[in-house]
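*Asks:* Sharing a model prediction with you, sequence too.
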There are 2 protein chains.
Amino acid sequence: MSRFWSKVVHGLTPYTPGEQPKLANLIKLNTNECPYPPSEKVLQAISQAVNGALRLYPDPDSAALRQAIADYYGIGRDHVFAGNGSDEILAFAFQALLNHEGPLVYPDITYSFYPVYCQLNGIRAKHLALEDDFSLDLSKVPADAGAVIFPNPNAPTGRTVSLESISTLCQRLPERVIVVDEAYVDFGAETAVPLVKDYPNLLVVQTFSKSRALAGLRVGFAIGQPELLAGLERVKNSFNSYPVDRLASAGAIAAMEDRAGFEHDRQRIIASRTWMTEQLSALGFNVVPSAANFVFARHPEENAEALAQALRERAIIVRHFRLPRIDQHLRITIGTREECEALIQALKEILA
Amino acid sequence: MSRFWSKVVHGLTPYTPGEQPKLANLIKLNTNECPYPPSEKVLQAISQAVNGALRLYPDPDSAALRQAIADYYGIGRDHVFAGNGSDEILAFAFQALLNHEGPLVYPDITYSFYPVYCQLNGIRAKHLALEDDFSLDLSKVPADAGAVIFPNPNAPTGRTVSLESISTLCQRLPERVIVVDEAYVDFGAETAVPLVKDYPNLLVVQTFSKSRALAGLRVGFAIGQPELLAGLERVKNSFNSYPVDRLASAGAIAAMEDRAGFEHDRQRIIASRTWMTEQLSALGFNVVPSAANFVFARHPEENAEALAQALRERAIIVRHFRLPRIDQHLRITIGTREECEALIQALKEILA
């Protein structure tokens, strides 16, 4: 605490990102990055943008990037908003769209940045308890919700909700903003983007950090009707006019255009997830059905934190959350097939 | 206005950045970018970072970048904070350090983003009127200030304050945070960085967008004692964990290390500013003494907005502000020598 800090700072418990250790030979299965590098097409597009034009500010409206995203989804560019990673977009959304009289409703087990955004913005939160199997029943969103946010697939569970249930929720609460955080959607859930045309209260947020292998460039986007996006724009333009830099934009545009590379890597990750789920089950783990690039698993007889520690001693890092209901689970990112095999081998040794 | 927007959004008048037109043959003297490209060393460093590691998140603490800045200034890395452009750092500072009971004091003529940050954070502002010659008298900062911010050199005037007056202010208001926004400091003002060790209430903010020719990469930094930086960190980590991407970091590190390239371009810009000041004066303009990479000038007999329009018709863009006291001035970025000559030639034709 400091006399120099503004009042809001004193009450903050900042988000703790998964660690980014610098050891070279580490198997890093803790932050859900893509195990495969960006494609050659993407790297070439970035390389071509490394030139004297870097002396100039980027386009504050990210028009070319938004157009590439719009083209991918077959929607208008005025339905796309871009930012410095989906975390920045979520931060804008909490400030611009989710702060209302009624409480913001989100799952009790979910992305742990949500409560932090609530603290920063003084938003009252109301938790919607996941079912015992970690499924999310959107029909239980209370009628007094001021707004709603949830990931689909949910993190760290990997479970999905149906488009039908999202659609029903948007209809049931037409005056409330519903944000679907689709950071992991490309690994097996259905995107809610096609619903946006029907629901002016629906905002879909995605990222280039997972399925598009560009976590190092920090690009995310939101899709919604212009009325919602105008709220995001106003906050963005009261905060930082140019959040997406020239190289990030070049890389993200190429990643959107390289559909074959995207599809290839996506399918490889899905196949490895199937394999890893089978292997973990064979070792006695209960594995939550995942539509993401990670699995969420517990072993009925082993302490999760001790398991994570034993893996770390073998240079494999997974994510453990000291949180209610999930402190006996591990979240394990789907790595390359070799990394998945190394994880399973290590677990076999630990459990032996 | 929209029923979906949070309350704070309705009251915002967002910042309007200088336009970024896409015409190729335009002479762009409106956003104070560096007229010279980043050096070959910088471009090479970025190119080398265009590789598969872009799939991984950047270091959330930007340790290597902060170390490069610390080395440049001969201070500890724990005295350096990095962000997505100095605008983002200013946004964090307004939220984390400048929101107090007493009003935030800043010059009546200054960077036009400050009032926007105040709106976004609900901060009460108190204007300190510049003298008639646009100089800033820090002894007139009122004793009831909750915090103070000013650019040095000031924008859009280009005038400086002395380190002695900053030092005196820090001593006079030891319980108040003083932010010196040094976006343009390398073009002729003295940096307040050496004062930081003496004043725990002093924060110095700089950018790579002007003197370091990397506006397209979005990197800024702040220097202050760890107690102040901890306030920024808490807000940053409640907003977006990884604001500085891998390529921005690589470019900024190289730019900090390439002292010869930096010095060469800096001196060229200062020389062109001297030339431009002489030429404008010869054309009858009153030119405010500038320590920045722009000049602020008015012609006693010509309407400033009409002049800006006439320049635009000749494909030269300068910045005009429709604001009290300065609506008859133009802010003209120092371009290459050729661009400066084209501007003077165009003005000669317009005034003829």
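*Replies:* Structure received.

*Asks:* The helix or strand of chain A with the lowest mean pLDDT and chain B in contact?
*Replies:* In chain A, no helix or strand scores lower on mean pLDDT, DSSP states H and E than helix A:7-10, which sits at a mean of 92. Yes. Using Cβ under 8 Å from any Cβ of the partner chain, a contact is recorded between helix A:7-10 and chain B, made by A:7-9. Placement of C-beta: from N, CA and C, glycine included.

*Asks:* Give me the buried subset of those residues.
*Replies:* Taking 16 or more other Cβ atoms under 10 Å in any protein chain shown as the criterion, what is buried in those is A:8-9.

*Asks:* partner strands of the helix or strand following the least confident helix or strand of chain A, parallel or antiparallel?
*Replies:* The helix or strand immediately downstream of helix A:7-10 is strand A:27-29, counting by DSSP states H and E. The strands beside strand A:27-29 in its sheet (DSSP bridges) come out as strand A:316-318 (parallel).

*Asks:* What is the subsequent helix or strand relative to the partner strand?
*Replies:* Where DSSP H and E defines the elements, the next helix or strand beyond strand A:316-318 is strand A:330-333.

*Asks:* residues contacting A:Tyr199?
*Replies:* Taking Cβ atoms under 8 Å, 6 or more residues apart in numbering or on different chains, we find A:Tyr199 in contact with A:167, A:170-171, A:174, A:178, A:225.

*Asks:* A:Asn84 too?
*Replies:* A:Asn84 makes contacts with A:218-220, A:240, A:243-244, A:248, B:84, B:218, B:240, B:243, as judged by Cβ under 8 Å, 6+ apart.

*Asks:* What values do phi and psi take at the closest residue to it other than its chain neighbours?
*Replies:* Among residues not flanking A:Asn84 along the chain, A:Pro243 sits closest, at 4.0 Å (Cβ to Cβ, 6 or more residues apart in numbering or on different chains). A:Pro243 adopts backbone torsions of phi -70, psi -20, taken as degrees, to the nearest 10.

*Asks:* right, and A:Pro243 touches A:Ser86 too?
*Replies:* No. A:Pro243 is beyond contact range of A:Ser86, at 11.9 Å (criterion: Cβ atoms under 8 Å).

*Asks:* out of the two, which sits in the busier spot?
*Replies:* Legend: neighbour count by other Cβ atoms under 10 Å in any protein chain shown for A:Pro243 and A:Ser86, higher for A:Pro243 (28 against 25).

*Asks:* Give the PyMOL command for selecting the buried subset of the contacts of A:Tyr199.
*Replies:* Entered in PyMOL, the line below selects the buried ones among the contacts of A:Tyr199, by 16+ other Cβ under 10 Å:
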select buried, chain A and resi 167+170+178+225
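
*Asks:* Centroid-nearest residue for chain A?
*Replies:* For chain A, A:Ala183 is the residue whose C-alpha lies nearest the centre (Cα atoms, centre = their mean; 3.1 Å).

*Asks:* can you give me the helices in the stretch 101-250 of chain A?
*Replies:* Assigned by DSSP state H, counting those that start in this stretch, the helices in the stretch 101-250 of chain A fall at A:114-121, A:163-172, A:226-236, A:246-257.

*Asks:* Identify, out of those helices, the most deeply packed stretch.
*Replies:* Highest mean neighbour count of those: helix A:246-257, a mean of 25 (counted as mean count of other Cβ atoms under 10 Å in any protein chain shown).

*Asks:* For the least confident helix or strand of chain A, give me every contacting residue.
*Replies:* A:1, A:120, A:122, B:95-96, B:99, B:231, B:234-235.

*Asks:* Also stretch A:168-178?
*Replies:* Residues outside stretch A:168-178 that contact it (Cβ under 8 Å, 6+ apart): A:97-98, A:100, A:102, A:138-139, A:141, A:143, A:145-149, A:166, A:195, A:198-199, A:201-203, A:228, B:3-4.

*Asks:* what's the closest non-adjacent residue to A:Leu29?
*Replies:* Nearest in space to A:Leu29, with sequence neighbours left out and distances taken as Cβ to Cβ, 6+ apart, is A:Thr333 at 4.1 Å.

*Asks:* Give me the below-cutoff pLDDT ranges for the stretch 101-250 of chain A.
*Replies:* Low-confidence segments of the stretch 101-250 of chain A (pLDDT under 70): none present.

*Asks:* For chain B, give me its nearest residue in it.
*Replies:* Closest to chain B within the stretch 101-250 of chain A is A:Asn237: 3.4 Å, counting by Cβ to the nearest Cβ.

*Asks:* neighbours of that residue, just the number please.
*Replies:* 20.

*Asks:* ok, the closest residue to it other than its chain neighbours - how many residues close by?
*Replies:* What sits nearest to A:Asn237 in space, not counting adjacent residues and going by Cβ to Cβ, 6+ apart, is B:Pro14, at 3.4 Å. Using other Cβ under 10 Å, B:Pro14 has 18 neighbouring residues.

*Asks:* what does the model give B:Pro14 for pLDDT?
*Replies:* Per-residue confidence (pLDDT) for B:Pro14: 89.

*Asks:* got it, and the one 4 residues further on?
*Replies:* The score at B:Gly18 is 77. That number is its pLDDT.

*Asks:* and it, what is it in contact with?
*Replies:* If you count contacts by Cβ under 8 Å, 6+ apart, B:Gly18 has them with B:30-32, B:319.

*Asks:* Quick check: of those residues, which lies closest to chain A?
*Replies:* Taking Cβ to the nearest Cβ as the measure, B:Thr31 is the one of those closest to chain A, at 5.9 Å.

*Asks:* excluding its backbone neighbours, what's nearest A:Asp108?
*Replies:* Leaving aside its chain neighbours, A:Asp108 sits nearest to A:His127 (4.0 Å; criterion: Cβ to Cβ, 6+ apart).

*Asks:* burial of that neighbour, as a residue count?
*Replies:* Neighbour count for A:His127, taken as other Cβ under 10 Å: 14.

*Asks:* Report the contact partners of it.
*Replies:* A:105-108.

*Asks:* for A:Ala315, same thing?
*Replies:* Residues near A:Ala315 by Cβ under 8 Å, 6+ apart: A:23, A:25-27.

*Asks:* What of A:Gly11?
*Replies:* A:Gln119.

*Asks:* near chain A, from the contacts of B:Gly18?
*Replies:* Applying Cβ under 8 Å from any Cβ to these, one finds that B:Thr31 fall near chain A.

*Asks:* Let's have the contacts of B:Gly18 in CSV, adding distance to B:Gly284.
*Replies:* Below are those laid out as CSV (distance: Cβ to Cβ, whole Å):
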residue, distance to B:Gly284
B:Asn30, 22
B:Thr31, 26
B:Asn32, 24
B:Arg319, 20
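
*Asks:* Now the buried members of the contacts of B:Gly18.
*Replies:* By 16+ other Cβ under 10 Å, these give B:30-32, B:319 as buried.
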